[in-house]
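S.K.: pasting the structure only:
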């Protein structure tokens, strides 16, 4: 009976994975709003860990230290905002976790076993009893492998780099397209080659190439698969 209950809970979870710049964050937020679900930005959670570790001076090679930090973190999302705002110990860190440094540090910290275990446990607790769109890099493969609906977004390297470049310019950063493209390639290598929860589509995930699609077109494509 308990497994049956777990399987029924997984009917309410949609996972959307993919590399940076594939459009998964925007699409996930829009989809969650359209189908009246909660949106879980797991990437932001790893960024929060990276920010906290940096602030506390914890070495990123110190697995036990990072694991202990994760157990003490007070993380919560304010879902009344769009996009949702993330608070760490009641401090809004939504802007502090964005930027090229946190891109790389979050990828580095997410490869640490103790961090991964702590975050997966927290993400599953957040999802318990909820109707949820979970976005990240291992939602369909590790965190919610029994989810009924799994999607993996891709896009050409050029498209992904252009999207990320525009995001950073809109945040007021002064950066070149080439720099953004190289940073994305480095992040991809880190995510795809790490030994723990590497970035890859689940065997039963539906792949969607968003290169020539706008976010709403991707959302509509996903909706056609929901029954």
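M.R.: Nice, I can see it. Fair warning: this is a prediction, and the values are worked out from it, not measured in the lab.
S.K.: Distance check, the residue most central in space within the chain against residue 38.
M.R.: In the chain, the residue lying closest to the centroid (Cα atoms, centre = their mean) is residue 136, at 2.7 Å. Relative to residue 38, residue 136 is positioned 14 Å away (criterion: Cβ to Cβ, to the nearest Å). C-beta here means a position set from N, CA and C on the backbone, and glycine is covered the same way.
S.K.: Kindly report the same for residue 49.
M.R.: In terms of Cβ to Cβ, residue 49 sits 21 Å off from residue 38.
S.K.: With neighbour numbers in mind, choose between these two.
M.R.: Neighbour totals were compared for residue 49 and residue 38, and residue 49 leads with 25 against 17 (other Cβ atoms under 10 Å).
S.K.: Would you list the phi and psi of the closest residue to the more buried one other than its chain neighbours?
M.R.: Counting by Cβ to Cβ, 6 or more residues apart in numbering, residue 49 lies nearest to residue 109, which is 5.3 Å off, once chain neighbours are set aside. Main-chain dihedrals, residue 109, degrees, to the nearest 10: phi -70, psi -30.
S.K.: Might one say that residue 109 is in contact with residue 48?
M.R.: No: using Cβ atoms under 8 Å as the test, residue 109 is too far from residue 48 to be in contact (9.8 Å).
S.K.: rewinding a little: residues touching the residue nearest to residue 49, list them.
M.R.: With contact taken as Cβ atoms under 8 Å, 6 or more residues apart in numbering, residue 109 is in contact with 46, 49-50, 53, 60, 66, 115.
S.K.: go on, residue 79?
M.R.: Here residue 79 is in contact with 38-39 (Cβ under 8 Å, 6+ apart).
S.K.: can we see that at 6 Å?
M.R.: Contacts for residue 79 (Cβ atoms under 6 Å, 6 or more residues apart in numbering) come out as none.
S.K.: And it, how close does it get to residue 65?
M.R.: 31 Å.
S.K.: what does residue 202 give?
M.R.: On the measure of Cβ to Cβ, residue 202 and residue 65 end up 31 Å apart.
S.K.: Now do the strands in this protein.
M.R.: Along the chain, counting by DSSP state E, strands occupy 13-17, 38-41, 75-78, 85-88, 91-92, 132-136, 149-154, 206-209.
S.K.: Would you mind giving the ones you listed as a markdown table with distance to residue 222 and mean pLDDT added?
M.R.: Listed next are the strands of the chain as a markdown table, based on distance: least, Cβ to Cβ, whole Å; pLDDT from 0 to 100:
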| stretch | distance to residue 222 | mean pLDDT |
| --- | --- | --- |
| strand 13-17 | 8 | 97 |
| strand 38-41 | 13 | 93 |
| strand 75-78 | 22 | 91 |
| strand 85-88 | 24 | 94 |
| strand 91-92 | 30 | 95 |
| strand 132-136 | 9 | 96 |
| strand 149-154 | 6 | 98 |
| strand 206-209 | 7 | 98 |
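S.K.: any idea which helix is longest in this protein?
M.R.: As assigned by DSSP state H, the longest helix anywhere in the chain is helix 177-193.
S.K.: list the helices and strands that helix packs on?
M.R.: Where contact means 3 or more Cβ pairs under 6 Å, 6 or more residues apart in numbering; DSSP states H and E, helix 177-193 is packed against helix 100-109, helix 157-170.
S.K.: What ranges in the chain fall below the confidence cut-off?
M.R.: 1-9 (pLDDT under 70).
S.K.: swap the cut-off to 50 and go again
M.R.: 1-5, 7 (pLDDT under 50).
S.K.: and stretch 21-39, which residues are buried?
M.R.: By neighbour count on 16 or more other Cβ atoms under 10 Å, the buried set for stretch 21-39 is 21-32, 37-39.
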